[in-house]
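Undergrad: Any chance you can model this:
(one chain, ligands or ions: 5)
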Amino acid sequence: MKRRITLLGTVFTILTTMASIAFAESVSFPKGAATPSETCGECHQTLYREYAFGVGSDTHSANHAIPATVSSAATAHATSKFTPLASGGDVEWCRACHFAGTFNIPGKDDLGKQLPNVSNAGEISITCATCHLTPEGKVRGVRSSKNAPHASVVEPALQSSAVCAHCHVDTTDKRIVGGQYQTFLEWREDFNKPGLGAQQCQDCHMPRTLRKVAEDTDGAPVAVARHLWTGGHSSQRLTGSLGLSIIQRDTDKAQLSFSVTNIGAGHSVPTGPNARGVYLSVEVLDRQGVSRARKEWLFAPNFSARPDDKAFLEADKKLSGYEGYAQTRADAQGSHEPPVRAGEERLLNWDPAVAPGLYTVKAKLRYTTDRFGAPVAGDEKEMGSAALLITSK
Ligand code: HEC
Ligand code: HEC
Ligand code: HEC
Ligand code: HEC
Ligand code: HEC
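TA: Numbering: from 1, shown residues only. Ligands and ions are numbered 1, 2, ... in the order given. Just a heads-up that it's a prediction; the model follows:
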């Protein structure tokens, strides 16, 4: 009896080994990063729905084509090739991130010692294969699975900021405070190093839920990261990022301070391209609700290496194309506040000249994905607000 069980066990092992060999050879991806995500989506259906349609997110953008049947929009990764690139000048440079090919993730120990490699352009948007295929054509995952029909490799760095650093920082390894495309360096220098938090990019941007890795398998549900990457096009994401309070410095006077604190982001707010901006608008209303004073601040990276400044408007006339247009818009907005760095509290003072009386001070934070363009419906989002009753004697 005992013998028979062993025999059956052996036969079973041989059969499953054969099955997994047959299975292992059944799917390969000769097109590399240009493998359409639909191919992976045939078996990884939930992950595909998140990536391609944003199912489960509140992403909204005029840029990201919205299928009429889903309330959310596709992720920016899935639509990165539709971003207007031709206007940007060095198109090959743009392609390196927006049409990225497969790449090697710098090892955890190399983090920060190595420049991200952005010279591996593929043909289509960022695909499942862009992030998951090694240049050798194996699928990198976070756990080893016996069930996968494709050649797999366990890659711990897939759960670290290193994989995002490949694109979420410019080619420079130097932190440029107030510069654009600094997200990874902002995280490393301002958030990770001083110990503000232990989170990697994925911990905030790819929260995990219990689910199957692929739908039609016997595999038990495990912690799998959501593929939604909500950012500046998501109210849910933006709402918790900045804390806002109004302070009356002297109980009898209209001497006000506004405290804007980065409490939710592992990098500056705003981060990324220089077109991103956060407006703090403040209004002082009298008892009839009539506005008696107002002021607005802009938080943004500078357009170029120098600060944005009205003084350059004359010189800007010599520039042409998108650069001329955007630099002129940036300088016309005048000098502004730099982005609020991770863990930073920014205090802004304002002493409005108002007659003695009772007032309500209202403050509001708004996020724009394009401070250079005309406001596009849906691309400007409220981030938070505060109100305070004051008396001025
Ligand atoms: C024919 C179906 C099928 C296709 C096509 C497919 N996968 Fe898989 N994949 C699976 C199965 C089944 C597993 C194992 C699931 C489990 O462990 O429960 C898996 C596992 C994975 C894992 C986890 C790590 C590992 O390798 O075990 C990753 C990551 C992954 N696939 C990514 C991809 C990507 C990216 C593509 C497209 C380039 C793709 N898959 C195409 C069926 C498929
Ligand atoms: C921008 C890069 C990126 C893209 C694009 C991407 N993924 Fe992922 N994926 C990741 C990262 C990073 C993780 C691990 C996250 C974690 O757990 O911290 C992951 C995890 C996974 C896992 C679980 C791995 C495991 O071992 O259990 C699967 C399966 C997977 N992805 C499949 C896909 C599929 C299918 C697509 C396309 C629809 C896709 N991914 C697109 C970055 C990406
Ligand atoms: C292959 C390059 C590449 C990699 C790797 C990559 N990204 Fe991105 N990511 C992009 C590009 C390009 C965009 C902007 C696309 C667009 O809007 O056209 C983007 C957009 C985003 C956004 C903004 C979404 C929005 O709607 O505003 C978030 C958040 C994000 N990525 C997070 C991550 C995280 C976290 C990782 C690591 C797990 C990662 N990305 C890895 C290239 C990449
Ligand atoms: C502690 C949580 C946290 C961590 C860690 C974190 N982020 Fe974010 N991220 C946020 C929040 C909150 C926002 C929204 C506010 C903003 O735009 O800065 C955001 C926004 C973004 C955006 C959208 C900006 C845009 O252009 O619209 C990108 C891209 C992004 N993060 C990438 C990353 C990358 C890459 C990392 C790792 C290097 C990372 N994040 C680490 C919380 C986090
Ligand atoms: C180093 C990688 C990289 C390069 C190179 C790059 N981008 Fe991007 N781009 C990104 C990332 C990442 C984002 C997502 C926003 C963020 O970083 O916060 C983005 C976002 C954008 C957006 C905003 C899309 C939106 O949804 O609002 C535009 C427009 C854009 N890029 C155009 C360009 C152009 C044009 C070029 C070439 C001149 C270029 N990019 C080069 C990484 C890159």
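
Undergrad: Would you mind identifying the next helix or strand past the helix or strand of the chain at the bottom of the mean pLDDT ranking?
TA: Ranked by mean pLDDT, DSSP states H and E, the weakest helix or strand in the chain is helix 2-24, scoring a mean of 37. Moving toward the C-terminus from helix 2-24, the next helix or strand (DSSP states H and E) is helix 37-41.

Undergrad: Would that next one count as contacting ligand 3?
TA: No: remark: helix 37-41 sits outside contact range of ligand 3, by Cβ under 6 Å from any ligand atom, the gap being at least 13.0 Å. To be clear about C-beta, it is placed using only N, CA and C from the backbone, and glycine gets the same treatment.

Undergrad: what helices or strands is that helix leaning on?
TA: With contacts defined as 3 or more Cβ pairs under 8 Å, 6 or more residues apart in numbering; DSSP states H and E, helix 37-41 has these neighbours: helix 45-53, helix 128-132.

Undergrad: Give me whichever of these is most buried.
TA: Highest mean neighbour count of the helices and strands packed on helix 37-41: helix 128-132, a mean of 23 (counted as mean count of other Cβ atoms under 10 Å).

Undergrad: quick one: the strands in this protein?
TA: Per DSSP state E, the chain carries strands over the ranges 139-141, 152-154, 208-211, 222-225, 242-248, 256-262, 277-285, 291-299, 345-350, 357-368, 380-392.

Undergrad: hang on, the earlier thing: among the helices and strands packed on helix 37-41, which is nearest residue 264?
TA: In terms of Cβ to Cβ, the element of the helices and strands packed on helix 37-41 nearest to residue 264 is helix 45-53, at 21.5 Å.

Undergrad: and that closest one, anywhere near ligand 2?
TA: Yes: using Cβ under 6 Å from any ligand atom, helix 45-53 reaches ligand 2 at 47, 48, 51.

Undergrad: Nearest to residue 93 among those?
TA: residue 51 (24.8 Å).

Undergrad: quick one: average pLDDT of stretch 184-197?
TA: For stretch 184-197, mean pLDDT rounds to 95.

Undergrad: and it with ligand 4, contact?
TA: Yes: on the criterion Cβ under 6 Å from any ligand atom, stretch 184-197 is in touch with ligand 4 at 184, 187, 197.

Undergrad: which of those count as buried?
TA: Using 16 or more other Cβ atoms under 10 Å as the burial test, those include 184, 187 as buried.

Undergrad: quick revisit: ligand 5 is nearest to which of the helices and strands packed on helix 37-41?
TA: helix 128-132 (12.5 Å; Cβ to the nearest ligand atom).

Undergrad: So which elements touch that closest one?
TA: Short answer (3+ Cβ pairs under 8 Å, 6+ apart): helix 128-132 packs on helix 37-41, helix 45-53, strand 139-141.

Undergrad: coming back round to it: dump the helices and strands packed on helix 37-41 into a markdown table; add distance to residue 72 and mean pLDDT as well.
TA: Shown next, in a markdown table, are the helices and strands packed on helix 37-41 (distance: least, Cβ to Cβ, whole Å; pLDDT from 0 to 100):
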| stretch | distance to residue 72 | mean pLDDT |
| --- | --- | --- |
| helix 45-53 | 7 | 95 |
| helix 128-132 | 19 | 95 |
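
Undergrad: Let's have those helices in CSV, adding distance to ligand 4.
TA: Listed next are these as CSV, based on distance: least, Cβ to the nearest ligand atom, whole Å:
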stretch, distance to ligand 4
helix 45-53, 15
helix 128-132, 12
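
Undergrad: Looking at the ones you listed, which is nearest to ligand 3?
TA: That would be helix 128-132 among the helices and strands packed on helix 37-41, by Cβ to the nearest ligand atom, at 5.0 Å.

Undergrad: Kindly export that closest one (C-alpha atoms) in PDB.
TA: Extracted C-alpha coordinates of helix 128-132, given in PDB (Å, rounded to 0.1, in the frame of the first residue of the first chain):
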ATOM      1  CA  CYS A 128       3.500  45.300 -19.100                       C
ATOM      2  CA  ALA A 129       6.600  44.000 -20.900                       C
ATOM      3  CA  THR A 130       8.500  47.300 -20.500                       C
ATOM      4  CA  CYS A 131       8.600  46.800 -16.700                       C
ATOM      5  CA  HIS A 132       8.400  43.000 -16.500                       C
END
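
Undergrad: Just confirm yes or no for that helix near ligand 5.
TA: No: against ligand 5, helix 128-132 shows no contacts by Cβ under 6 Å from any ligand atom, the least distance being 12.5 Å.

Undergrad: What is the distance between that helix and the centre of its chain?
TA: Mean C-alpha position of helix 128-132 versus that of the full chain (Cα atoms, centre = their mean, to the nearest Å) differs by 17 Å.
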